[in-house]
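Novice: sequence below, structure please.
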Amino acid sequence: MSVRTYRVVGMACGHCAGFVTEEIERIPGVTAVVVDVENDTVTVNSDRFLDIVDVRAAVEEAGYELP
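Specialist: So this is what the prediction gives:
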């Protein structure tokens, strides 16, 4: 099991969190996603190592940026 926290730029509300969660949950292996809008972070639990490229693509698909 892997747990990683990423900084996400541009989130401002619960809807933002929902968009980010939805896109990251589509990555194979992801088991849980917790978004903290106030701290601009997303914590991702997965049953395998996730490539940062996949996480970045999901965040960008949601309309935000992973610096």
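Novice: so which residues make contact with stretch 15-35?
Specialist: The contact list for stretch 15-35, computed with Cβ atoms under 8 Å, 6 or more residues apart in numbering, reads 1, 8, 10-11, 37, 41-48, 50, 54-55, 58-59, 61-64. Using the backbone N, CA and C atoms, a C-beta is placed for each residue, glycine as well.
Novice: of the residues you listed, which belong to helices?
Specialist: Those of the contacts of stretch 15-35 mapping onto helices are 54, 55, 58, 59, 61, per DSSP state H.
Novice: mark which of the contacts of stretch 15-35 are buried, thanks.
Specialist: In the contacts of stretch 15-35, burial by neighbour count holds for 8, 11, 37, 42, 44, 46, 50, 55, 58, 59, 62, 64, counting by 16 or more other Cβ atoms under 10 Å.
Novice: need the strands for this structure, in chain order.
Specialist: Taking DSSP state E, the strands of the chain run over residues 2-7, 30-36, 41-46.
Novice: ok, residue 46 - contacts?
Specialist: Contacts of residue 46 (Cβ under 8 Å, 6+ apart): 1, 2, 3, 4, 27, 29, 30, 31.
Novice: next one: the nearest residue to the third one once chain neighbours are set aside, what pLDDT does it get?
Specialist: Nearest-residue entry for residue 3: residue 45, 5.2 Å, with adjacent residues in sequence omitted and distances by Cβ to Cβ, 6 or more residues apart in numbering. In the predicted model, residue 45 carries a pLDDT score of 98.
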